[in-house]
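[1] What shape does this take:
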Amino acid sequence: MATAIEFNHVSKLYRLGLVSTGTFREDIKRWWITSVRHKEDPYLTIGETNDRGTKGESQFVWALRDIDFKVEQGDVVGIIGKNGAGKSTLLKLLSRITSPTTGDIRARGRIASLLEVGTGFHPEMTGRENIYLNGAILGMTKAEITRKIDEIIDFSGCERYIDTPVKRYSSGMRVRLGFAVAAHLDPDILVVDEVLAVGDAEFQKKAIGKMQDVSRGDGRTVLFVSHNMASVRALCKNGVLLENGKVKCTGNMDQVIEAYISDADLTERHTTWAINENLPACITKVEVLVDGKRDDQMIDMTDRIKIGIEYYAKEDLKGTNLSFSLFKEGAWIFMTWDIDQSPELFQHRQKGFHRTELYLPDTLKPGIYDTRVAIGRPNKGGIDIKESPLQFEIQNVMTYGAEKSFIRPGLLNFKIKWEDSII
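    Here you go, the predicted structure:
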């Protein structure tokens, strides 16, 4: 099998704050060393590891350091890791949005990238016009785009609004149209970042199916970044785990996911975010609470587990829902919406700070669980989505032998009532 993508000891160095050495003298010195004497940039030796959770001493950070792996043609590779691990930077280097500081990248064939919502779309142009614009940027001729435009519009599900300016599209509609263009313009390599999280569940399933068709049927290569382990497991055969800008492990997707989950900090049971004033609503806190226990005490499968979610509405909202999803080992256990129990929230959600709580079912078995929290508009897209905001572990530490033995195969642990009678 031919190699489609090859990263050869690739590194990317960023400076925090101002872009320069800080003084004119040092700028001249750096230029003389690199451009005239053709020696290594001395500033490449002073960068720190990209650990966003710690305060460093240097202004220089290695977003990526010594990335070295290959992707075979027709392979679907999932790139996973915590926020700030370097996943998006890796894809931007591959897409030639920016260039590596050291090392080189070899890619064989045309690359189509979908890295951010509405990338390459002109807000004043219609959806149809933007299809031609995006296609031209990707190197397609007008005749090639015309042959596929009906198929692209149909897949996007935006036919009714295709001649409406894109500035009037929801974020979900822009994702639909952007993905439809990228996937149908016959790229040799399709690069997809976390943007599919904005689309609704129906479109996510449709998009994953399309990526499977592109890779399996047409033999094209796909690089897929996501925090949704269920989607990654369903789509990808092989994976790459990034940690602080370095490759921690590569190989079979199941093994890479296991390495990612096993490395999670399961003692931290809450995550907070600052208010995002650019959004009409945003999630500010997610936490796991256990009745009668402190955060540093282990969670038992007999415990009553509660999820606390706090969010801020910048304005009065209508037609929105708050959702919570639970995953285990990449499998999607369930999703619940707050409007299922309180439909009046769909009609009116007041401006201000909110807190909502929900109890998890008592059927959960021991293991490591992942979460997803979102506030959005059903079938229109998300407003604020927190992929994998926290993980927690349920253990089986019960002391009673009869109760402890009650663990059966399967995802959930039910006590089913059986009745027997003579007929």
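[2] So residue 391 versus residue 128, what's the distance?
    43 Å (Cβ to Cβ, to the nearest Å). Heads up, the C-betas are built off the backbone N, CA and C, glycines and all.
[3] gap between residue 206 and residue 91?
    From residue 206 to residue 91 the distance is 22 Å (Cβ to Cβ).
[4] List of residues touching stretch 305-317?
    270, 275, 277, 279-291, 299, 322, 324, 348-360, 364, 371, 373, 375, 384, 394 (Cβ atoms under 8 Å, 6 or more residues apart in numbering).
[5] Stretch 162-172: which residues count as buried?
    162, 166, 169, 170, 171, 172 (16 or more other Cβ atoms under 10 Å).
[6] For that stretch, the averaged confidence score.
    What stretch 162-172 shows for mean pLDDT is 86.
[7] give me every residue that touches residue 120.
    Contacts of residue 120 (Cβ under 8 Å, 6+ apart): 130, 133, 134, 137, 178.
[8] Those residues, buried ones only, as a ChimeraX selection?
    Of those, the buried ones can be selected in ChimeraX as follows, counting by 16+ other Cβ under 10 Å:
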select :130,133,134,178
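[9] Where does confidence bottom out across the contacts of residue 120?
    residue 137 (77).
[10] Now do the contacts for residue 215.
    Residue 215 neighbours (Cβ under 8 Å, 6+ apart): 74, 75, 76, 221, 222.
[11] Among the buried residues of stretch 162-172, give me the pair with the biggest separation.
    162 and 171 (17.1 Å; Cβ to Cβ).
[12] which one is the residue nearest the centre of the chain nearest to, not counting chain neighbours?
    By Cα atoms, centre = their mean, the chain has its centre lying nearest to residue 226, at 3.1 Å. Counting by Cβ to Cβ, 6 or more residues apart in numbering, residue 232 is the residue found nearest to residue 226 once chain neighbours are left out, at 5.3 Å.
[13] Specify the local secondary structure of that neighbour.
    helix (DSSP: H, G, I helix; E, B strand; the rest coil).
[14] Any figure for the gap between it and residue 76?
    10 Å.
[15] So for these two, which residues contact both of them?
    Joint contacts of residue 232 and residue 76 (Cβ under 8 Å, 6+ apart) are residue 224.
[16] Show me what residue 10 bridges to in the sheet.
    Per DSSP bridges, the residues bridged to residue 10 are residue 67.
[17] Contact partners for it?
    64, 66, 67, 68, 93, 100, 102, 103, 104, 105.
[18] How far away from the center of its chain is stretch 31-40?
    39 Å (Cα atoms, centre = their mean, to the nearest Å).
[19] Okay, and which of the contacts of residue 215 map to strands?
    Under the assignment DSSP state E, the contacts of residue 215 contribute 76, 221, 222 to strands.
[20] mind listing what the first one touches?
    In other words, residue 76. Applying Cβ under 8 Å, 6+ apart, the residues near residue 76 are 211, 212, 215, 221, 222, 224, 235, 236, 237, 238.
[21] now swap in the second one and tell me
    When the contact criterion is Cβ under 8 Å, 6+ apart, the partners of residue 221 are 4-5, 71-77, 109, 188-190, 215.
[22] Residue 421: which of those is nearest?
    When the contacts of residue 221 are compared against residue 421 (criterion: Cβ to Cβ), the nearest one is residue 76, at 52.4 Å.
[23] For residue 234, the count of nearby residues, please.
    17 (other Cβ atoms under 10 Å).
[24] Is it in contact with residue 209, as I believe?
    No: Residue 234 lies out of contact with residue 209 (Cβ atoms under 8 Å); the separation is 9.7 Å.
[25] so what's residue 333 closest to, chain neighbours aside?
    residue 326 (4.4 Å).
[26] And the one you found, how far from residue 127?
    Noted for residue 326: a distance of 36 Å to residue 127, by Cβ to Cβ.
[27] Mind checking which of those two has more residues around it?
    Higher neighbour count among residue 326 and residue 127: residue 127, with 26 against 18, using other Cβ under 10 Å.
[28] Residues in a beta bridge with the nearest residue to residue 364 once chain neighbours are set aside, which ones?
    The spatially closest residue to residue 364, leaving aside those adjacent along the chain, is residue 394, at 5.7 Å (Cβ to Cβ, 6+ apart). For residue 394, the beta-bridge partners under DSSP bridges are residue 299, residue 367.
[29] Look up how far residue 232 lies from residue 394.
    22 Å.
[30] Then residue 368?
    On the measure of Cβ to Cβ, residue 368 and residue 232 end up 16 Å apart.
[31] Neighbour count for the two, which is higher?
    Using other Cβ under 10 Å as the criterion, residue 368 and residue 232 rank with residue 232 on top: 24 against 16.
[32] coming back round to it: where helices are concerned, which of the contacts of residue 10 count?
    When these are checked against helices (DSSP state H), the matches are residue 93.
[33] May I ask which of the contacts of residue 10 has the most neighbours?
    Of those, with other Cβ under 10 Å as the count, residue 64 tops at 27 neighbours.
[34] wouldn't that one be in contact with residue 9 here?
    No: applying Cβ under 8 Å as the test, residue 64 and residue 9 come out as separate, 10.4 Å apart.
[35] nearest residue to residue 101 other than its sequence neighbours?
    Sequence neighbours aside, residue 13 is the residue nearest to residue 101 in space, at 4.4 Å (criterion: Cβ to Cβ, 6+ apart).
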